[in-house]
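Provided below for reference: sequence and predicted model.
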Amino acid sequence: MMVRKRRELPLYTDGDYYYTISLQGNAYKIRFYYNERIESWSFDLRLSDDTPLVLGASLVKHYPIFIDYYLPNLTGYFWLEEIGKDINNTVTHNLEIWKYYKLYYIWEE
């Protein structure tokens, strides 16, 4: 029987930051950045040795991000959702994403 698992990824107050995180037993580097030109949050996913897997992916709420990608050792997807039900802010016009959203990596084992 497959068990759905999820791991919360931290979102911070800075407009550009990165960290290393273990997902499904492997280390990855993730960079989050706010693109002022298009007024939207994006992120890069790299292997721990800085090999790029996906660059410039948009953070989109309520969409299984990377569900249709082949990524080494990753079988799941990223999921962005609001904190609470009464949020009028959108991801594209919100510098304080950490305050209004949670980001998860979801997979099955």
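Looks like it arrived, so ask away. The shown structure was predicted, so the numbers you read here are calculated from the model rather than taken from an experiment.

From S40, how far off is the closest residue to K99 other than its chain neighbours?
With Cβ to Cβ, 6 or more residues apart in numbering as the criterion, K99 has its nearest non-adjacent residue at 7.8 Å, and that residue is I83. For every residue, glycine as well, the C-beta is placed using N, CA and C. As for I83, its distance to S40 is 19 Å (criterion: Cβ to Cβ, to the nearest Å).

So between those two, which is more surrounded?
Per other Cβ atoms under 10 Å, whichever of I83 and S40 has more neighbours is S40, with 17 against 10.

Need the phi and psi values for that one.
Backbone torsions of S40, given as degrees, to the nearest 10, read phi -150, psi 150.

Offset the numbering so it begins at 39, please.
With 39 as the first residue, the last one maps to S78.

Name whatever forms a beta bridge with it.
Note on S78: beta-bridge partners N73, judged by DSSP bridges.
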